[in-house]
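Student: The amino acid sequence is not available; the structure is as follows:
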């Protein structure tokens, strides 16, 4: 199939259909390291979210880009919403009870 083939719209090509689209900037999250105290921005791919049965077992984690420390911070409902909406990979933890 050629890129200039039309699909229902008279005379519309793939190029003209996507001509008005703009690139979307990736979502970035501001974070800080409790180890080295640096502040930085991380993309969704640099963060992990774990959702547990309670607020004590729900957290997000990342590796500090400055000092390399593994950082784990609690995630309340609002943080969970922001991270999931921003495309952060999520792991749902199951209880063993």
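Tutor: On my side now, so go ahead. Treat the numbers as computed from the prediction; the structure is a model and nothing was measured.
Student: I would like the residues contacting stretch 77-90, please.
Tutor: The contact list for stretch 77-90 (Cβ atoms under 8 Å, 6 or more residues apart in numbering) reads 27, 29, 44, 45, 47, 48, 49, 50, 51, 58, 60, 75. C-beta coordinates here come from the backbone N, C-alpha and C atoms, glycine included.
Student: Make a PyMOL selection of the buried ones in those.
Tutor: Restricted to buried positions by 16 or more other Cβ atoms under 10 Å, the PyMOL selection for these reads:
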select buried, resi 29+44+47+48+49+50+51+58+60+75
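Student: Rebuild the contacts of stretch 77-90 as TSV, extending it with distance to residue 14, pLDDT and secondary structure.
Tutor: Below are these laid out as TSV (distance: Cβ to Cβ, whole Å; pLDDT from 0 to 100; DSSP: H, G, I helix; E, B strand; the rest coil):
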residue	distance to residue 14	pLDDT	secondary structure
27	27	88	coil
29	34	96	strand
44	28	95	helix
45	29	95	helix
47	34	97	coil
48	37	97	strand
49	36	97	strand
50	41	97	strand
51	40	95	strand
58	43	96	coil
60	39	97	strand
75	41	96	coil
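Student: So which of the contacts of stretch 77-90 is the closest to residue 91?
Tutor: For those, the minimum distance to residue 91 (Cβ to Cβ) is 4.8 Å, reached by residue 50.
Student: Name the nearest residue to the closest one, ignoring sequence neighbours.
Tutor: The spatially closest residue to residue 50, leaving aside those adjacent along the chain, is residue 91, at 4.8 Å (Cβ to Cβ, 6 or more residues apart in numbering).
Student: same question, residue 64
Tutor: Leaving aside its sequence neighbours, residue 64 sits nearest to residue 33 (Cβ to Cβ, 6+ apart; 4.0 Å).
Student: What are the buried residues along stretch 65-85?
Tutor: Neighbour counts over stretch 65-85 (16+ other Cβ under 10 Å) mark 71, 75, 79, 80, 83 as buried.
Student: In a markdown table, list the residues you listed along with distance to residue 12 and secondary structure.
Tutor: Output for the buried residues of stretch 65-85, formatted as a markdown table (distance: Cβ to Cβ, whole Å; DSSP: H, G, I helix; E, B strand; the rest coil):
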| residue | distance to residue 12 | secondary structure |
| --- | --- | --- |
| 71 | 49 | strand |
| 75 | 45 | coil |
| 79 | 43 | helix |
| 80 | 41 | helix |
| 83 | 38 | helix |
